[in-house]
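# based on what follows, work out the 3D shape:
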Amino acid sequence: WERVVREFGVEGADGEVDRKKLGGIVFGDKTGVKLRQLNAIVWPTINELVHQDLSALQETHRHVALEAALLVEARWHTPCTHLWTFFVTPQTAIHRLTNSRGLTIEEAQERLASQISNEDRIRLSTEAFPKDRLWVCDRSDMSTAEARVLINGKIAELL
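Have a look, this model is predicted:
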């Protein structure tokens, strides 16, 4: 994270990356240059770590699940045989970003606009699960049992 702090000037009082400040810089840049700059710093390192972990896990596990917010955008899904997408409507995503991260509606919309659309993400997926139907409120643990049944059924189909 040192390079992120150095290039964006976003060190927080605790010595860590000030994510809110970094988000303002990156998503406030309408040209997308800052986001591409951040991704160029962060994604190669994460990609290397993901592949190392996957290689190690595949030696001892028959199935491995990989979860990441920008899995498709960063192309970390390429070694996967299946791609499952859990998605929410843009309205739900905006609601969550404004409530959990304190973003304005405009800031939340900018962040969503920097990602691929649900439609494109679903088109690349082998399975798609609408979280708005699985988790009917802001607390995801409220419908976990229902989601588990659905997911376990999909896993059973693969075995």
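# what does the helix or strand containing R111 rub up against?
Using DSSP states H and E, R111 maps to helix 105-113. Helix 105-113 is touched from outside by 23-24, 27-28, 90, 93-94, 97-98, 103, with contacts defined as Cβ atoms under 8 Å, 6 or more residues apart in numbering. Yep, even glycine has a C-beta here, placed from its N, CA and C like the rest.
# repeat that for 10 Å
With Cβ atoms under 10 Å, 6 or more residues apart in numbering as the test, helix 105-113 has contacts from 20, 23-24, 26-30, 32, 35, 90, 93-99, 101, 103-104, 118.
# mind checking what helix or strand follows it in sequence?
helix 118-124.
# does anything pack onto that next one? Which helices or strands?
In terms of contacts (3 or more Cβ pairs under 10 Å, 6 or more residues apart in numbering; DSSP states H and E), helix 118-124 is packed against strand 84-87, strand 127-130.
# in the last one, what counts as buried?
Of the residues in strand 127-130, those buried by neighbour count under the rule 16 or more other Cβ atoms under 10 Å are F129.
# what ranges do the helices span in the protein?
2-8, 19-28, 33-60, 90-100, 105-113, 118-124, 131-134, 144-158 (DSSP state H).
# a markdown table for those helices, including mean pLDDT, mean neighbour count and distance to E73?
Formatted as a markdown table, those follow (pLDDT from 0 to 100; neighbours: other Cβ atoms under 10 Å; distance: least, Cβ to Cβ, whole Å):
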| stretch | mean pLDDT | mean neighbour count | distance to E73 |
| --- | --- | --- | --- |
| helix 2-8 | 89 | 13 | 18 |
| helix 19-28 | 89 | 16 | 14 |
| helix 33-60 | 91 | 13 | 8 |
| helix 90-100 | 90 | 15 | 15 |
| helix 105-113 | 90 | 16 | 12 |
| helix 118-124 | 90 | 13 | 9 |
| helix 131-134 | 60 | 15 | 18 |
| helix 144-158 | 69 | 11 | 23 |
